[in-house]
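> Structure of the sequence below:
(chains A and B)
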Amino acid sequence: MSYTSLIHAPWRAEPDNDTSMPDAWCQASELLPRVDAWRVWLEEQPKGRWLLFEPDPAAFTAALLALWETGRSAVLASDDRDETMTHLTQQVDGRIQGAPPPAASTPPPPLAIDAQTEAVVLYTSGSTGEPAMHAKSFEQLANELNCHAELWPMEHHAVISQVSHQHIYGLLTGILRPLCHGIPFCGADSRYPEPMAARLGEARATNRQPLLVSSPPQLSRLPEHIDWQSSAPWQVLSSGAPLSRADARRCEQLFQAPVIEIYGSTETGGIAWRRQSQSAAWQPMPGVETRETDGLLELRSPFLPREYQPPGRWWPQQDRIETCTEGFRLLGRADRVAKVAGKRISLTAIEGHLTQLSQVEAAHCCDLDRRDGRIGVVVALPGDQAPWDHEVRRQLIRQMREQLSTLLEAVAIPRYWRFVERIPTNRQGKLDRAEIQRLFADLDNERSARWLGESTNGEGQCCITLEVPERLCYLEGHFTDFPLVPGVVLVQWAVEHARRSFNEPVEFRGVERLKFQKVVRPGQRLVLSLTRKADSIGFSYDSPQGRHAAGRIRLAAERLNG
Amino acid sequence: MSETQQLSHDLKCMIIETLELEDITPEDIDDQAPLFGEGLGLDSIDALELGLALQKRYGIKLDAEAEDTRRHFESLAALQALVEERRVN
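Predicted structure coming up:
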């Protein structure tokens, strides 16, 4: 079947040839009995907006088409946590789920699609954390599908989706595009690489060219042991976040197929695309106009609602860009939204949820730009509530994670936690990049203590809060059944921190009056006190348990004279 | 340490290192407790990472049946059973 616009209900078109596909696949022609059964049931139900959350693509598509053919629109929840469902249920006219009851009568003829009416309602995490609602008309969806069909034509293809169709990108590329082309599609369990490879093989076995709809979390974690040569996709689409250059290159090598990235958002739809092996620049999608204003992207697009596009009006984005001949380069977000596993996560929202917890005085979330994409958080607690050992800290994190898990999706919950007495700031009173790097430096340096803030009390005196990371390399073999921080490491840390805090070279000439009074175990929180004297630096490590260690670092003679 | 205990310890270390669980030590992971959801609180991205680590370290290729994959990741004990049965190195 050739391409039919969404407006003309392509799922009702006669299929050219009905290749039968294995169980995991679905095709429009096979879904129609289910669509019709739903339509009979819906006759007795209220009209309006209906909530739809269905991970199985066949069940999802049957319910979606039934809503559309009866003049209803679908509210697509992005997850099915109780809180999300309770909240959305109050705003809709009904919820469609599971399988339709057996039809007791013949369904009425399906209603024609009215291009100007609402097709779906989607939700995203807004920058303030309040979920933002985005309604899309059939015309908007059709414009975007037409554009994809023009850029990447399909005929004897099959679509394998690794992303959720509850979001705009998965809905357009994983469900609606195959419907418009009358080709088989599958999803759900193919988000894992092994079932995905099996589906690729099935598509090849039926002489179809498989199009893989994926996203950076999956493409950056492709196992190499699978024989991708014999089950390679014909083309890969990726969206949700930019792929790193290395991952884009590796995917093309593994698959020997083009990897096309689409950049866009729920609100704007697709904005631009690129094939990174050819250029890092993003080219606007056909029909989309882009420009840069004050470093930020602005656009006009046929995928935006009509009311957003009065003549002369440009729609602003929070993405920083730099224009170039082919289009533009993305430089990062201007607001406090991070992308984790392709999902927009409002850092402000996580902070808001955390500060609702009774003991939390302040919280600051940060995107650490790590390969894993996970979020870090700095949490200020009253001094007497700081976790002083491994067990207390672990329980505290677990408790906070549990409380957040009712409010946030799992991937949005911070992975790296730093508990401080006050949020550290620079001289301008801000928590800047340097402080954040210092707080999380131990993630990449297994030799250092975790720094949690410091204060200088008068000339030459300094108190630094430290924590012993559980993964400190010095704990290895010292001792296997009872890991302890070796005394020499405590001395070394004192020297390093003295250098930094007193901003001088601190030429180590020995240590005297050394006392180790209490063991220092992994997870232990300590206060390192440093006192600058003429010929030495005194140090001590203390915790509520008492003094752990103390001593005096002798300095080089020239310092003595100077 | 017996061979079984050693494997259990190695797997715990693998999970901690692969997923950078900085507040967890091997002793904190209960053999029977769920790894995902409550318990260790791992998610779908972690499942992908663990799949890669199992292949790298033990040469284990996971099945195409996603249900199976999820069953193996249910708890440390289930993961250990998988490694004992399927390891190639």
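> how about the residues of chain B that lie near chain A?
Contacts of chain B with chain A, taken as C-beta under 8 Å from any C-beta of the partner chain, map to B:16-17, B:20-25, B:28, B:37-38, B:41, B:43-45, B:47-49, B:51-52, B:55, B:59, B:61-67, B:69. Yep, even glycine has a C-beta here, placed from its N, CA and C like the rest.
> Drop anything exposed from those.
B:16, B:20-25, B:28, B:41, B:43, B:45, B:47-49, B:51-52, B:55, B:62, B:64, B:66, B:69 (16 or more other C-beta atoms under 10 Å in any protein chain shown).
> Among the residues you listed, which ones are in helices?
B:Ile16, B:Ile45, B:Ala47, B:Leu48, B:Glu49, B:Gly51, B:Leu52, B:Gln55, B:Ala66, B:Thr69 (DSSP state H).
> Widest-spaced pair of those residues?
B:Ile16 and B:Ala66 (24.8 Å; C-beta to C-beta).
> Geometric centre of chain B: which residue is closest?
The residue lying closest to the centre of chain B (C-alpha atoms, centre = their mean) is B:Leu79, at 4.8 Å.
> I'd guessed that one sits against B:Arg71; true?
No - using C-beta atoms under 8 Å, B:Leu79 is not in contact with B:Arg71; the gap is 10.1 Å.
> Got the confidence number for the residue nearest to the centre of chain B?
The per-residue pLDDT reported for B:Leu79 equals 92.
> mind listing what it touches?
B:Leu11, B:Leu35, B:His72, B:Phe73 (C-beta atoms under 8 Å, 6 or more residues apart in numbering or on different chains).
> redo that, cut-off 10 Å
By C-beta atoms under 10 Å, 6 or more residues apart in numbering or on different chains, the contact set of B:Leu79 is B:7-8, B:11-12, B:14-15, B:31, B:35, B:50, B:54, B:60, B:72-73.
> A:Ala203 too?
Contacts of A:Ala203 (C-beta under 10 Å, 6+ apart): A:21-22, A:25, A:156-160, A:183-184, A:186, A:209-212, A:231, A:233-234.
> what about the nearest residue to A:Glu326 once chain neighbours are set aside, neighbour count?
Closest residue in space to A:Glu326, ignoring its immediate chain neighbours: A:Ala281 at 4.1 Å, by C-beta to C-beta, 6 or more residues apart in numbering or on different chains. Neighbour count for A:Ala281, taken as other C-beta atoms under 10 Å in any protein chain shown: 17.
> May I have the phi/psi pair for A:Ala281?
phi -80, psi 150 (degrees, to the nearest 10).
> distance of it from chain B?
28 Å (C-beta to the nearest C-beta, to the nearest Å).
> Also A:Gly551?
Distance from A:Gly551 to chain B, by C-beta to the nearest C-beta: 29 Å.
> residue contacts, residue 41?
Since no chain was named, I'll use chain A. A:Ala66, A:Thr70, A:Ile96, A:Pro100, A:Pro101, A:Pro102, A:Ala103, A:Ala104, A:Pro107.
> that's the wrong chain, I wanted chain B
Counted by C-beta under 10 Å, 6+ apart, B:Gly41 has contacts A:397-398, A:401-402, A:404-405, A:410, A:413, A:415, B:21, B:24, B:34-35.
> Closest one of those residues to A:Pro195?
A:Pro195 lies nearest to B:Leu35 out of these, by C-beta to C-beta, at 19.8 Å.
> What is the neighbour count of the nearest residue in space to that closest one that is not next to it in sequence?
The shortest distance from B:Leu35 to any non-neighbouring residue, by C-beta to C-beta, 6+ apart, is to B:Leu42 (5.2 Å). Around B:Leu42 there are 19 other residues, counting by other C-beta under 10 Å.
> Identify the bridge partners of B:Leu42.
B:Phe36 (DSSP bridges).
> Low-confidence stretches in chain A?
A:1, A:16-18, A:125-130, A:428-429, A:458, A:557-562 (pLDDT under 70).
> just the helices in it please.
Using DSSP H, the helices assigned to chain A run over residues A:28-42, A:57-69, A:82-89, A:138-151, A:168-170, A:177-181, A:193-205, A:216-219, A:245-255, A:347-355, A:390-405, A:433-440, A:487-502, A:557-561.
> List just the one of the ones you listed that sits closest to A:Ala338.
helix A:347-355 (5.8 Å).
> quick one: stretch A:447-466 to chain centroid distance?
34 Å (C-alpha atoms, centre = their mean, to the nearest Å).
> Buried residues in that stretch, which are they?
A:Ser448, A:Ala449, A:Arg450, A:Trp451, A:Leu452, A:Gly453, A:Glu454, A:Cys462, A:Cys463, A:Ile464, A:Thr465, A:Leu466.
> got the end-to-end distance for that stretch?
Taking C-alpha to C-alpha, to the nearest Å, stretch A:447-466 runs 13 Å from one end to the other.
> That one vs chain B: in contact?
Yes - using C-beta under 10 Å from any C-beta of the partner chain, stretch A:447-466 reaches chain B at A:Arg450.
> next one: stretch A:10-21
No - counting by C-beta under 10 Å from any C-beta, chain B has no neighbours in stretch A:10-21; the shortest distance is 15.4 Å.
> could you flag which of the contacts of B:Leu79 are buried?
Buried among those (16+ other C-beta under 10 Å): B:Leu7, B:Ser8, B:Leu11, B:Lys12, B:Met14, B:Ile15, B:Leu35, B:Leu50, B:Leu54, B:Ile60, B:His72, B:Phe73.
> What number of residues are in the vicinity of A:Trp493?
When neighbours are counted by other C-beta under 10 Å, A:Trp493 comes out with 22.
> one step back: relative to chain B, which of the buried residues of stretch A:447-466 is nearest.
A:Arg450 (8.7 Å; C-beta to the nearest C-beta).
> wait, the residue nearest to B:Leu35 sits on A:Arg374?
No - with contacts counted by C-beta atoms under 10 Å, B:Leu42 stays clear of A:Arg374, the gap being 11.9 Å.
> anything in contact with each of those two?
B:Leu19.
> now the contacts of A:Trp41: which count as buried?
With burial judged by 16+ other C-beta under 10 Å, the buried subset of the contacts of A:Trp41 is A:Ala66, A:Thr70, A:Ile96, A:Pro100, A:Pro107.
> Could I get the contacting residues of the closest residue to chain B within the stretch 301-450 of chain A?
Nearest residue of the stretch 301-450 of chain A to chain B: A:Ala410, at 3.8 Å (C-beta to the nearest C-beta). By C-beta under 10 Å, 6+ apart, the contact list for A:Ala410 reads A:79, A:81, A:340-341, A:401, A:404, B:36-37, B:41-46.
> and with 6 Å instead?
Going by C-beta atoms under 6 Å, 6 or more residues apart in numbering or on different chains, A:Ala410 touches B:Asp43.
> And it, how far from A:Leu219?
For A:Ala410, the distance to A:Leu219 (C-beta to C-beta, to the nearest Å) stands at 20 Å.
> Can you narrow the contacts of A:Trp41 down to the ones near chain B?
Contacts with chain B are made by none of those, judged by C-beta under 6 Å from any C-beta of the partner chain.
> Which one of those residues is nearest to A:Ala149?
A:Ala66 (24.6 Å).
> The closest residue to A:Arg191 other than its chain neighbours: neighbour count?
In this structure, A:Arg191 finds its nearest non-sequential neighbour in A:Gln162, 4.6 Å apart by C-beta to C-beta, 6+ apart. Neighbour count of A:Gln162, defined by other C-beta under 10 Å: 25.
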